[in-house]
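Structure of the sequence below:
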Amino acid sequence: MVIPTVGRPSLHATLAALLGSSGPPPAEIVVVDDRPRPGAPLPLPDGADERLRVLRSGGRGP
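As a prediction, this is how the structure comes out:
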């Protein structure tokens, strides 16, 4: 699963719901940080596991 983001606070709730769901889990969750200059850390949930990977695009968009 790929989730593009510019760092919105709703990212935390989205990831927490995916990681804590009772259905079949995604094999991998790739968060693409599309901020031109990442400043503050992304709002990732505590206890995020090895299925979560963050890539930085530098603001190039999809």
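
which residues touch stretch 30-42?
Under the criterion C-beta atoms under 8 Å, 6 or more residues apart in numbering, residues 1-7, 11, 15, 44, 52-61 lie in contact with stretch 30-42. (Each C-beta comes from the backbone N, C-alpha and C, glycine too.)

Spell out the residue ranges of the strands in the protein.
Taking DSSP state E to define them, one finds strands in the chain at 2-5, 29-33, 52-56.

Could you list the paired strands of the second one along with their orientation?
Spelled out, that is strand 29-33. Strand pairing for strand 29-33, using DSSP bridges, gives strand 2-5 (parallel), strand 52-56 (parallel).

what separates the last one from the chain centre, distance-wise?
Shown here is strand 52-56, whose average C-alpha point lies 7 Å from the average C-alpha point of the whole chain (C-alpha atoms, centre = their mean, to the nearest Å).

Kindly format the C-alpha coordinates of that strand as PDB.
This file holds the C-alpha atoms of strand 52-56, laid out as PDB (Å, rounded to 0.1, in the frame of the first residue of the first chain):
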ATOM      1  CA  LEU A  52       6.000   0.700   7.500                       C
ATOM      2  CA  ARG A  53       8.600   2.400   5.300                       C
ATOM      3  CA  VAL A  54       9.000   6.200   4.600                       C
ATOM      4  CA  LEU A  55      10.400   7.500   1.300                       C
ATOM      5  CA  ARG A  56      11.000  11.200   0.700                       C
END
